[in-house]
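Student: Everything below, folded, please.
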Amino acid sequence: MQSGANALRRAHFYRKLPQELTDGTSLGGMVSLLGIFVSMTLVYSITCTYLTTSLKTALVLDLQTEEFVDLAFNITLERLPCRFSSIDLFDETGTKRLNITQDLTKIRISSSDGHWLSAAEEEVWTDEPDPGGGEAPDFEYFSGEDPKPWPPMKALNEKAKFEAFVNGRDLVMVAFGAPWCPYSKRLNPIWQGLYDAVQADAIISGVVDIATVDCTVAEARELCQEQQIHAFPTMRIYRSHNSHSHEEYQGGRTAEDLYQFVQEAVEMGDMDLGWHPLTHLTHISGEGCQLSGYVRISRVPGSLRISAQSSLHSFDPLNMNVTHHVDRLLFLSPKAEVDARLQAHDPFDQRGIGELSLRRTTFVMHEQATTLKHFLKVVPTRRNQLDGDGLDTYEYSANFNEYLPPKLRPHALDEQHRLVPNTVFSYDISPYRVVHTESAQSLTTYLTQLCAVVGGVFTVFGLIDGALYNGIKAIKKD
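Tutor: Numbering: from 1, shown residues only. All right, here's what the predicted structure looks like:
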């Protein structure tokens, strides 16, 4: 036993000196305490690093692509009834799926407070203007002597009335004439017919008005001189609430030609004039529609379109509002249990399902006959977890634009030529995949760092202590 104990003593690398042979100093104690504090701080830091999962990201070519992707959504159109809500799908392969109903749910909601409406409740609308039924007006009737439901045409024979009237409309046509002029007399019934036709169109009459000026009246002479009227009749167009800027009408002088000019002027100039804000709507639905479900799409660029359509009803698309609220819009792998997810309570709150960049966002339609368009750039994503499992998702970024194509005719008499407001979600799935890999520090690496920190701090502060001790000792000898 004694020999074994002696052998162990000889193997002791960390030999101890007797306490009476060591010399302790106050400065050395301070250095030792500082070394202990630094050592504990570094140990805490590497321990936190060891317990934290790091995430490494790489961009790779997606070679194992799936043929289809499921687009799951829950979108509420606040002012578009369910019977007019149509969902269409288009993509670059030529696929056209119109009025999709499979795997979709439509729920009627109240536009006032958002509560669900039962199928038995009647649909509520405000007073609906008569847009003319898509047919040209009967100018012979309008130029007749039958009583009209609108006030008579104004005679702007005073400068103040003229300026107030012109400044109050987006587009005004004024005929300057004289009773003794035969051409003015010939124009009078035609001008009255144009006025009646404009007043009969509830849409055009909101921004266009017709009036006359008799330049022989004493009150109107100053006005006609200021407007530089040198011939009768003179027909002028005033735009953008401006009585000091005008253009001469040089077209045909029939009621049909004049009315066609008014229509074309409205259609071509509505963007410049800035007319028809939604606050001027007189035909607004009192209910909306909540659309939820999913649709299977190909992995090619395409678009999901929600528009106001009906084959059994006639409606004015200018009065359709596609303001919408996106509660959920996700791209999911077909392998996922989509039906179960949609039925679960708030299923897309789960971490790792995907980026919810459009979640709980409202997009307002500020002008009539516009398309609310979302551009979605979709990137396949894979998350490799520590336990070896992988979660495949799709993340996307979104841009929004309110778009009105300039060549379309939202006020055309033919409903087929009118612009129907749309909500469009255009998507493009990237051929690259973003791979997020979770990693954690191994136990051996942690122990190595721990030993290096403790040993390194002990050695460094030992050197500092020795340098201070020997330095002070040398100074005292001197």
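
Student: pLDDT below threshold where in the stretch 301-450 of the chain?
Tutor: 310-319, 335-357, 405-420 (pLDDT under 70).

Student: One more: the stretch 101-250 of the chain?
Tutor: 113, 122-148, 241.

Student: quick one, helices of it?
Tutor: 139-142, 159-167, 182-200, 218-226 (DSSP state H, counting those that start in this stretch).

Student: Now those in TSV, please, with extra columns for mean neighbour count and distance to R79.
Tutor: Just so you know, the C-beta spots here come from the backbone N, C-alpha and C atoms, and that holds for glycine as well. Formatted as TSV, these follow (neighbours: other CB atoms under 10 Å; distance: least, CB to CB, whole Å):
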stretch	mean neighbour count	distance to R79
helix 139-142	16	33
helix 159-167	16	31
helix 182-200	19	26
helix 218-226	15	44
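
Student: Dump those helices to JSON lines, plus distance to N470.
Tutor: Compiled in JSON lines, the helices of the stretch 101-250 of the chain are given as follows (distance: least, CB to CB, whole Å):
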{"stretch": "helix 139-142", "distance to N470": "116"}
{"stretch": "helix 159-167", "distance to N470": "97"}
{"stretch": "helix 182-200", "distance to N470": "107"}
{"stretch": "helix 218-226", "distance to N470": "107"}
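
Student: Let me know which of the ones you listed is the nearest to Q449.
Tutor: helix 159-167 (79.5 Å; CB to CB).

Student: what about that closest one, distance to the chain center?
Tutor: 41 Å (CA atoms, centre = their mean, to the nearest Å).

Student: Counting by contacts, list what it packs against.
Tutor: Helices and strands touching helix 159-167, by 3 or more CB pairs under 8 Å, 6 or more residues apart in numbering; DSSP states H and E, are strand 171-177, strand 208-214, helix 218-226.

Student: Quick one, which of the ones you listed gets closest to L443.
Tutor: Using CB to CB, the nearest of those to L443 is strand 171-177, at 80.2 Å.

Student: May I have the closest one exported as CSV, CA atoms only?
Tutor: Provided in CSV are the C-alpha atoms of strand 171-177 (Å, rounded to 0.1, in the frame of the first residue of the first chain):
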residue,chain,number,x,y,z
LEU,A,171,-66.5,68.9,-67.7
VAL,A,172,-68.9,71.6,-69.0
MET,A,173,-70.2,72.3,-72.5
VAL,A,174,-71.6,75.8,-73.1
ALA,A,175,-73.3,77.1,-76.3
PHE,A,176,-72.9,80.8,-76.8
GLY,A,177,-75.7,82.0,-79.1
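
Student: buried ones in that strand?
Tutor: Buried residues in strand 171-177, defined by neighbour count with 16 or more other CB atoms under 10 Å: L171, V172, M173, V174, A175, F176, G177.

Student: F165 versus A202, what's the distance?
Tutor: Distance, A202 to F165, by CB to CB, to the nearest Å: 20 Å.

Student: Kindly report the same for G29.
Tutor: Taking CB to CB, one finds G29 at 98 Å from F165.

Student: and the strand or helix carrying A467, what does it pack onto?
Tutor: Take DSSP states H and E as the rule and A467 turns out to sit in helix 443-477. Helix 443-477 sits against helix 26-51, with contacts defined as 3+ CB pairs under 8 Å, 6+ apart.

Student: Any idea how far the helix it packs on is from the middle of the chain?
Tutor: Per CA atoms, centre = their mean, the centroid offset for helix 26-51 relative to its chain is 53 Å.

Student: Pull out the buried positions in it.
Tutor: Those would be G28, V31, G35, S39, L42, I46, Y50, for helix 26-51 by 16+ other CB under 10 Å.

Student: quick check: mean pLDDT across the helix or strand following that helix?
Tutor: Under the assignment DSSP H and E, the closest C-terminal helix or strand after helix 26-51 is strand 54-61. Average pLDDT, strand 54-61: 86.

Student: List the contacts of the helix or strand following strand 54-61.
Tutor: Using DSSP H and E, the next helix or strand after strand 54-61 towards the C-terminus is strand 68-77. Strand 68-77 has contacts (CB atoms under 8 Å, 6 or more residues apart in numbering) with 85, 109, 288-299, 304, 306, 322-334, 336, 338, 341-342, 348, 378, 394, 423, 427, 429.

Student: do stretch 53-67 as well
Tutor: Here stretch 53-67 has contacts from 298-299, 333-335, 380, 386, 430-440, using CB under 8 Å, 6+ apart.

Student: per-residue pLDDT, V454?
Tutor: pLDDT, V454: 85.

Student: Look up how far Y249 lies from it.
Tutor: Taken as CB to CB, the span from V454 to Y249 is 95 Å.

Student: more neighbours, these two?
Tutor: Y249 (19 against 14; other CB atoms under 10 Å).

Student: per the record, what domains does this protein have?
Tutor: 2-52+444-477, 61-117+287-437, 139-280 (automatic domain parsing).

Student: Spatially central residue for the chain, please.
Tutor: F400 (3.9 Å; CA atoms, centre = their mean).

Student: so who does the residue lying closest to that one once chain neighbours are set aside touch?
Tutor: Among residues not flanking F400 along the chain, H374 sits closest, at 5.5 Å (CB to CB, 6 or more residues apart in numbering). Under the criterion of CB under 8 Å, 6+ apart, the neighbours of H374 are L358, F363, A398, N399, F400, T423, V424, F425, S426.

Student: Please pick the buried ones from the residues you listed.
Tutor: Buried among the contacts of H374 (16+ other CB under 10 Å): L358, F363, A398, T423, V424, F425, S426.

Student: Identify the farthest-apart pair in those residues.
Tutor: F363 and S426 (14.1 Å).

Student: Report the buried residues of the helix or strand that contains the residue nearest to F400.
Tutor: Under the criterion of DSSP H and E, H374 resides in strand 371-384. Using 16+ other CB under 10 Å as the test for burial, strand 371-384 gives 371-376, 378-384.

Student: Which neighbouring elements make contact with the next helix or strand after it?
Tutor: As assigned by DSSP H and E, the chain's next helix or strand after strand 371-384 is strand 390-403. Strand 390-403 sits against strand 324-332, strand 371-384, with contacts defined as 3+ CB pairs under 8 Å, 6+ apart.

Student: now do 10 Å
Tutor: On a contact count with 3 or more CB pairs under 10 Å, 6 or more residues apart in numbering; DSSP states H and E, strand 390-403 meets strand 68-77, strand 324-332, strand 361-363, strand 371-384, strand 422-429, strand 432-439.

Student: Nothing else from me, thank you.
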